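**Q** just to be clear, the model below is a prediction. Sequence and coordinates:
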Amino acid sequence: LQAVTNIFLWKISGQEDVTFGTPVAARRHEDVREMIGMFVNTLAMRGAPSGNKFFKDFLAETKEHTLRDFENQEYPLESLVEKVGVTREAGRNPLFDIMFALQNFDITEMEIPGLSLKPVDFDNPSSRFDLEISATEVDDRLVFNVDYNSALFKEETVNRMCNFYKTIARRVAEEPGIRLADIDILDQTEKEKILEFATGLHVDFDEEKTVRDLLGERVEKSPDVTAIVMDNRTL
């Protein structure tokens with residue numbers, strides 16, 4: 001999923017150097033594994049997808065980088081931001097605009113003497129990032145949830161992005177040896193829409209007539225209509 005997310009961001013942005021955040025439990029030390037509290041840290045995951053790479057190789061590359069990043073999951077993100085020396089901007093994460101999370105732990109009802117705890121669903125009215133993708137393991141399936149900044153994206157745009165993501169995941173699962181450049185994120189419907197937009201309106205003209213003839217006919221039909229506007233002048 002990390003590899004698919006890298007490819008997805010590359011395909012929609014055209015950038016071959018992509019970074020997104022992912023949360024980690026940060027409970028590697030034995031003393032804190034049973035302790036109640038917030039130990040979650042965020043890792044900046046950097047990838048370099050490019051068209052000449054094959055997915056199997058890129059997957060191995062992503063795995064190596066991910067495992068190496070996870071070995072450093074206790075390093076505070078704030079300390080990393082200070083060392084990188086990026087310019088901070090209010091309301092934005094200094095290292096990434098996209099978050100990806102795999103929720104691969106069980107959320108079940110718990111029993112504590114004198115207390116009963118259970119998960120509660122709630123609607124989050126705001127998005128912390130431009131785009132936040134989370135995947136949860138449910139039986140033998142992955143269920144995805146997408147939060148997005150509605151000031152940047154329309155719902156129909158995000159729905160199209162979701163289709164792109166699924167298309168990439170399906171394609172690499174079917175053909176792991178595929179070149180990244182050969183992964184087509186557009187389905188037939190999308191291709192037809194783009195072709196329709198690119199070709200524009202079709203109008204049939206008499207091939208025996210010149211442009212001057214056609215222009216003359218238009219002038220005769222509507223001699224008082226504005227033909228050209230430049231600055232404050234019209235013709």
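**A** It's in. Residues are numbered from 1 along each chain as shown.

**Q** got the contact list for Ala101?
**A** Residues near Ala101 by CB atoms under 8 Å, 6 or more residues apart in numbering: 22-23, 132-135. Where C-beta positions appear, they are placed from N, C-alpha and C, glycine not excepted.

**Q** now do the SS call for it.
**A** Per DSSP: H, G, I helix; E, B strand; the rest coil, the secondary structure class of Ala101 is strand.

**Q** restricted to strands, list the contacts of Ala101.
**A** Mapping these onto strands (DSSP state E) picks out 22-23, 132-135.

**Q** from the contact counts, what lies against the helix or strand of the chain with the lowest mean pLDDT?
**A** The helix or strand of the chain with the lowest confidence, counting by mean pLDDT, DSSP states H and E, is strand 110-112 at a mean of 76. Contact partners of strand 110-112 among helices and strands, from 3 or more CB pairs under 8 Å, 6 or more residues apart in numbering; DSSP states H and E: strand 115-117.

**Q** tell me the mean pLDDT for the lengthiest helix in the chain?
**A** In the chain, assigned by DSSP state H, the helix with the most residues is helix 155-174. Mean per-residue pLDDT for helix 155-174: 94.

**Q** again, but for stretch 83-91
**A** So the average pLDDT for stretch 83-91 ends up being 80.

**Q** equivalent analysis for stretch 184-194, please.
**A** For stretch 184-194, mean pLDDT rounds to 82.

**Q** can you list the buried residues in that stretch?
**A** Ile185 (16 or more other CB atoms under 10 Å).

**Q** contacts for it, please.
**A** 8, 11-12, 160, 163-164, 167-168, 171.

**Q** let's see it at 7 Å
**A** 11, 163-164, 167-168 (CB atoms under 7 Å, 6 or more residues apart in numbering).

**Q** most neighbours among the residues you listed, which one is it?
**A** Within the contacts of stretch 184-194, most neighbours by other CB atoms under 10 Å means Ile168, with 23 neighbours.

**Q** and the angle from the next helix-or-strand element following the longest helix of the chain to helix 155-174?
**A** Next along the chain after helix 155-174, taking DSSP states H and E as the criterion, comes helix 188-199. Angle, helix 188-199 to helix 155-174, by axes from the mean of the first three to the mean of the last three CA atoms, to 10 degrees: 120 degrees.
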